[in-house]
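Chemist: Okay, predicted coordinates and the sequence, questions at the end:
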Amino acid sequence: DTEVTQTPKHLVMGMTNKKSLKCEQHMGHRAMYWYKQKAKKPPELMFVYSYEKLSINESVPSRFSPECPNSSLLNLHLHALQPEDSALYLCASSQLGGANVLTFGAGSRLTVL
Amino acid sequence: AQSVTQLGSHVSVSEGALVLLRCNYSSSVPPYLFWYVQYPNQGLQLLLKYTSAATLVKGINGFEAEFKKSETSFHLTKPSAHMSDAAEYFCAVSEMNRDDKIIFGKGTRLHILP
């Protein structure tokens, strides 16, 4: 299995809703990432989990809450989001060490109304 | 902090012509460098990576890139463009002692003219 699977592919939520994005990989990778990508922009790093511990938080607002239940799963919990949070959320994984190659999922497109 | 600069947000080439996408990095020590491609409504896919083993790096789909320390550049080339090469291309960088922090350039949209 060489894929990163993200669910759901599309999500529409109101500003008072609580929802979650999910990401799964079975490649034995020890790092997992969340990136946010606005239209016609590059991916922006949000969070990194290395060996199931949060190693990077790029000053992301607390309305985004990551969780790594085990080495294969990564969640992004969403609460009280703003319309400007609408974007494509990309999950990636990698085998740490050396030139760290990211394997990306297809993304979850989030629309906040 | 590491960063990369991609010159040209849009590049248009004719089918069969040379593709050249430019990337410059800012670092006093050679970092790890990558080129990724993103097709519409998809995630990113690795084209190639530089790890200091060789300055000329060959990737998938006929792409290659040359690391030039004197110019702090890592430009992406392909001898002959194909219609299927139309996509967004991102240069990316990470530090050798912080390989979990990978930062992307602003991207270059490649258009292929028939």
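Modeler: Right, received. Where do you want to start?
Chemist: Contact partners for residue B:60?
Modeler: For residue B:60, the contacting residues are B:46, B:47, B:48, by C-beta atoms under 8 Å, 6 or more residues apart in numbering or on different chains. For the C-beta atoms, the positions are set from N, CA and C on the backbone; glycine is no exception.
Chemist: Any idea what residue B:49 is bridged to?
Modeler: Note on residue B:49: beta-bridge partners by DSSP bridges are residue B:34.
Chemist: Would you confirm that it contacts residue B:64?
Modeler: No - here residue B:49 does not reach residue B:64: they are 11.8 Å apart, not a contact under C-beta atoms under 8 Å.
Chemist: Identify the contacts common to those two.
Modeler: Shared contacts of residue B:49 and residue B:64, counting by C-beta under 8 Å, 6+ apart, come down to residue B:57.
Chemist: The two: which has the busier surroundings?
Modeler: Neighbours were counted for residue B:49 and for residue B:64 using other C-beta atoms under 10 Å in any protein chain shown; residue B:49 has more, 21 against 16.
Chemist: before we move on, back to that, output those of the contacts of residue B:60 also counted as contacts of chain A.
Modeler: With C-beta under 8 Å from any C-beta of the partner chain as the criterion, the contacts of residue B:60 include residue B:46 near chain A.
Chemist: export the contacts of residue B:60 to JSON lines and tack on distance to residue B:69 and pLDDT?
Modeler: Output for those, formatted as JSON lines (distance: C-beta to C-beta, whole Å; pLDDT from 0 to 100):
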{"residue": "B:46", "distance to residue B:69": "22", "pLDDT": "95"}
{"residue": "B:47", "distance to residue B:69": "21", "pLDDT": "97"}
{"residue": "B:48", "distance to residue B:69": "17", "pLDDT": "96"}
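Chemist: quick one: residue B:41 from chain A, how far?
Modeler: Between residue B:41 and chain A the distance is 8 Å, computed by C-beta to the nearest C-beta, to the nearest Å.
Chemist: Which residues of chain A lie near chain B?
Modeler: A:4, A:31, A:33, A:40-45, A:48, A:50, A:55-56, A:90, A:92, A:94, A:96-107.
Chemist: Export the contacts of residue B:60 as a markdown table, with columns for distance to residue B:22 and neighbour count.
Modeler: Output for the contacts of residue B:60, formatted as a markdown table (distance: C-beta to C-beta, whole Å; neighbours: other C-beta atoms under 10 Å in any protein chain shown):
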| residue | distance to residue B:22 | neighbour count |
| --- | --- | --- |
| B:46 | 19 | 17 |
| B:47 | 15 | 24 |
| B:48 | 15 | 19 |
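Chemist: quick one: which of the contacts of residue B:60 is nearest chain A?
Modeler: Nearest to chain A, judged by C-beta to the nearest C-beta, of the contacts of residue B:60 is residue B:46 at 5.4 Å.
Chemist: Tell me which residue of chain B lies closest to chain A.
Modeler: residue B:43 (3.3 Å).
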